[in-house]
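**Q** Could you work out the structure for the sequence below:
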Amino acid sequence: MRSRGFYLHLIFWVGFTALIYEIYSVHVLFLFMVETTQAASLAISAFLAGLGCSSLAFTKLHRDSGREARERILVVMQVLVAVYAATILTRYDWIPLVSDVIDARVESPALSAVIRGVVVWAYLFVPAFFIGGAFPIVNGLYLRSASSATADTGSVYFWDIAGSIAGALIAGFYLIPRLGLRSTIILPVLINLALCALLVRGRTLRLAFVGAIVLASGYAVYTRGTVALANQTYHFEGEEKLKRRFGTVLFQETSPYGRVTVGIDPRRGNRKTLFINYRDMCHSDASESEVLMASEVGALLRPPASVMNIGLGCGFTASEVASHAAVEKLQIVEINPTIAKASREYFRVENRAVLEQQKTTVTLVDGARFLRTRPERFDAILVDIEEITVVYSSPLYTKEYFEIVRQRLKPGGVFALWSFFGSEGMSKVLLNTVRAVFPHVRLRLTERAVMFFASDAPLDGIVPAGADEASQIAQIDRNPIREVNALDRRVLERHYDMRATFGFPAHYYERFVRDPNRWP
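**A** Numbers count the residues shown, from 1 in each chain. Okay, the predicted model is just below:
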């Protein structure tokens, strides 16, 4: 007869693996789905539904079973979740491919979006279903008597939650940032197999599970390749696949905010490109819009000017700002240390070594936090970050943070905001939000981006380059939308011009996600 403490330890580790799988799955979802409240709702509802349905199903299944039969059910559940994790969760690259198949087969965009939502919901539901039934089973094994049922259930629930908390913290703060996705999944799979080895009673079965643990560990080490933990540089499995996606990989490192890759693709004229996860962020050919934004700001400055640039990327915005003689001090704020490393080492020529210039200071911190906590005031603040709907970026596009920006500007200072052109509605909401804070606002457009310039002084020097651009700006201005994006009401999500649930803005479509030659 097993001790009651055994079952408390058991439920702790079940909860521990459950939340690693959940954090992992949500992270995977956000690789291919913009981080909106809808995406978060989809992930959380699928996980909770899996836990709830599993608890109900397995409660009925084990109700009339003996102790050994209940433990066998636990073993089956642990095996199923380990197999699913190793064979399905690790193959997250199927998500955009399935999305393409659905788009090709379903004509209605609304129906296509619903089907994609159902598919990803099931992807997240299954591992939770294999785990959730453990609680009622372990609770039944732990109970001593009807009179102590409430206290005993509370104890089991506490240790289940304690394990879940520990799993969530270690997955979010260590495993995924340090080891990457596929290596993260190894730990819970091995724990599942170890629990099976502890639960089975026959010597032969126990040895079989120990052997499975050894084989799984060996296979993980073999497929992992070389891991240089000292500098977090990884050689991922599927090197040929990476070469097709990224070209010749010069640099690849897992950061707290996604995997950063620098590659050279001969099919793109040997253009050097920086990626975050699968997103093509910037190229060795300087972006027209970034240079334009920095150039317009630089022309308005008078020496000695101090400028803050939030968002580094390849360093083209910062480089253009630094090139203006009026700029005496350039403060670059970048949340991702790996981006700063890649920019410094692999785009040094293209950005004219801006990070090494005497006038430049680089601070690795969240731009929103820097604005809130630092007292310095600047002649210009430029925000050029990843995208509007990324969780850690989105506050910077709200009225409240625009007000903080205005407080950090000197009298007559200029605020410049870069955004991709998602839709006229999205641009109008941003325009409304900037105008809610600044009395003087101007716009400039390129093919794929819109730039907002704002100040408490007139900006007459910023005018459209031609009639077509002026016409497009006037069309945005005439849009009847009156909403303002605020922290407590982020309306930008409703106007984000995504093709569907798993789509990106048109210029973010990537060969890895949408290859026109792959699907009809």
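**Q** C-alpha only now, for contacts and for neighbours.
**A** OK.
**Q** any low-confidence regions in the stretch 301-450 of the chain?
**A** 386-394 (pLDDT under 70).
**Q** Compute the first-to-last residue distance for stretch 297-317.
**A** From its first residue to its last, stretch 297-317 covers 11 Å (C-alpha to C-alpha, to the nearest Å).
**Q** Actually, stretch 327-347.
**A** Taking C-alpha to C-alpha as the criterion, the two ends of stretch 327-347 lie 22 Å apart.
**Q** Show me the domain layout of this protein.
**A** 4-223, 233-283, 288-489 (automatic domain parsing).
**Q** got CSV for those, with mean neighbour count too?
**A** Shown next, in CSV, are the domains of the chain (neighbours: other C-alpha atoms under 10 Å):
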stretch, mean neighbour count
domain 4-223, 18
domain 233-283, 18
domain 288-489, 19
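**Q** Output the longest helix belonging to this structure.
**A** In the chain, taking DSSP state H as the definition, the longest helix is helix 4-32.
**Q** chain center to that helix, what's the gap?
**A** 19 Å (C-alpha atoms, centre = their mean, to the nearest Å).
**Q** other SSEs contacting the following helix or strand past that helix?
**A** As assigned by DSSP states H and E, the chain's next helix or strand after helix 4-32 is helix 37-62. Where contact means 3 or more C-alpha pairs under 8 Å, 6 or more residues apart in numbering; DSSP states H and E, helix 37-62 is packed against helix 4-32, helix 67-84, helix 109-132, helix 134-142.
**Q** Take the domains of the chain and lay them out in CSV including distance to H495.
**A** Formatted as CSV, the domains of the chain follow (distance: least, C-alpha to C-alpha, whole Å):
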stretch, distance to H495
domain 4-223, 12
domain 233-283, 21
domain 288-489, 5
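**Q** report the longest strand in the protein, please.
**A** strand 409-420 (DSSP state E).
**Q** So in that sheet, which strands flank that one, and in what orientation?
**A** strand 378-383 (parallel), strand 449-455 (antiparallel) (DSSP bridges).
**Q** and the helix or strand following that strand, what does it pack onto?
**A** Following strand 409-420 in sequence order, the next helix or strand is helix 424-435 (DSSP H and E). In terms of contacts (3+ C-alpha pairs under 8 Å, 6+ apart), helix 424-435 is packed against helix 399-408, strand 449-455, helix 467-478, helix 492-495.
**Q** relative to strand 449-455, how tilted is helix 424-435?
**A** 20 degrees (axes from the mean of the first three to the mean of the last three C-alpha atoms, to 10 degrees).
**Q** residues making contact with the very next helix or strand once past helix 424-435?
**A** Next along the chain after helix 424-435, taking DSSP H and E as the criterion, comes strand 440-445. If you take C-alpha atoms under 8 Å, 6 or more residues apart in numbering as the criterion, strand 440-445 is touched by 289, 434-435, 450-459, 462-464, 469, 473.
**Q** Would you check that G367 makes contact with I332?
**A** No. G367 lies out of contact with I332 (C-alpha atoms under 8 Å); the separation is 9.4 Å.
**Q** what sits in contact with each of those two?
**A** Contacts common to G367 and I332, judged by C-alpha under 8 Å, 6+ apart, are I310, G311.
**Q** Strands of the stretch 101-250 of the chain, start to end?
**A** Secondary structure of the stretch 101-250 of the chain (DSSP state E, counting those that start in this stretch): strands at 227-228, 233-234, 248-255.
**Q** returning to that earlier point: what's the closest of the helices and strands packed on helix 37-62 to L274?
**A** For these, proximity to L274 was assessed by C-alpha to C-alpha; helix 4-32 is nearest, at 15.9 Å.
**Q** Now do the closest one: which elements does it pack against?
**A** helix 37-62, helix 109-132, helix 134-142, helix 149-170, helix 186-199.
**Q** any idea of the mean pLDDT in it?
**A** Averaging pLDDT along helix 4-32 gives 85.
**Q** angle of it against helix 134-142?
**A** Going by the same axes, to 10 degrees, helix 4-32 makes 180 degrees with helix 134-142.
**Q** Just want the angle from helix 4-32 to helix 109-132.
**A** Using the same axes, to 10 degrees: helix 4-32 against helix 109-132 is 160 degrees.
**Q** OK, contacts around V106?
**A** Contacts of V106 (C-alpha under 8 Å, 6+ apart): S112.
**Q** next one: A82
**A** A82 touches P188, V189, L190, N192, L193, counting by C-alpha under 8 Å, 6+ apart.
**Q** Was I right to think I11 contacts I137?
**A** No. I11 is not in contact with I137 according to C-alpha under 8 Å; the separation is 9.8 Å.
**Q** what residue ranges in the stretch 1-150 of the chain score low on pLDDT?
**A** 1, 30-38, 60-65, 92-93, 96-97, 100.
**Q** would you turn the contacts of A82 into TSV with distance to G218 and pLDDT?
**A** Formatted as TSV, the contacts of A82 follow (distance: C-alpha to C-alpha, whole Å; pLDDT from 0 to 100):
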residue	distance to G218	pLDDT
P188	15	92
V189	13	92
L190	11	92
N192	16	92
L193	14	92
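**Q** For the residues you listed, name the two members farthest from one another.
**A** Between any two of the contacts of A82 (C-alpha to C-alpha), the greatest distance is 8.6 Å, for P188 and L193.
**Q** does the nearest residue to E290 once chain neighbours are set aside count as helix, strand or coil?
**A** Excluding the flanking residues, the one nearest E290 by C-alpha to C-alpha, 6 or more residues apart in numbering is T317, at 5.3 Å. When classified by DSSP: H, G, I helix; E, B strand; the rest coil, T317 comes out as helix.
**Q** what's near enough to touch T317?
**A** E290, V291, M293, A294, N309, D384.
**Q** Tell me the one of the residues you listed nearest Y21?
**A** Among the contacts of T317, and counting by C-alpha to C-alpha, the member closest to Y21 is D384, at 33.3 Å.
**Q** Could you measure from that closest one over to L396?
**A** 10 Å.
**Q** Equivalent analysis for V349, please.
**A** 30 Å.
**Q** what's the answer for G218, then?
**A** Distance, G218 to L396, by C-alpha to C-alpha: 45 Å.
**Q** for N336, same thing?
**A** 16 Å.
**Q** Same check on V249?
**A** Remark: distance between V249 and L396 (C-alpha to C-alpha) = 32 Å.
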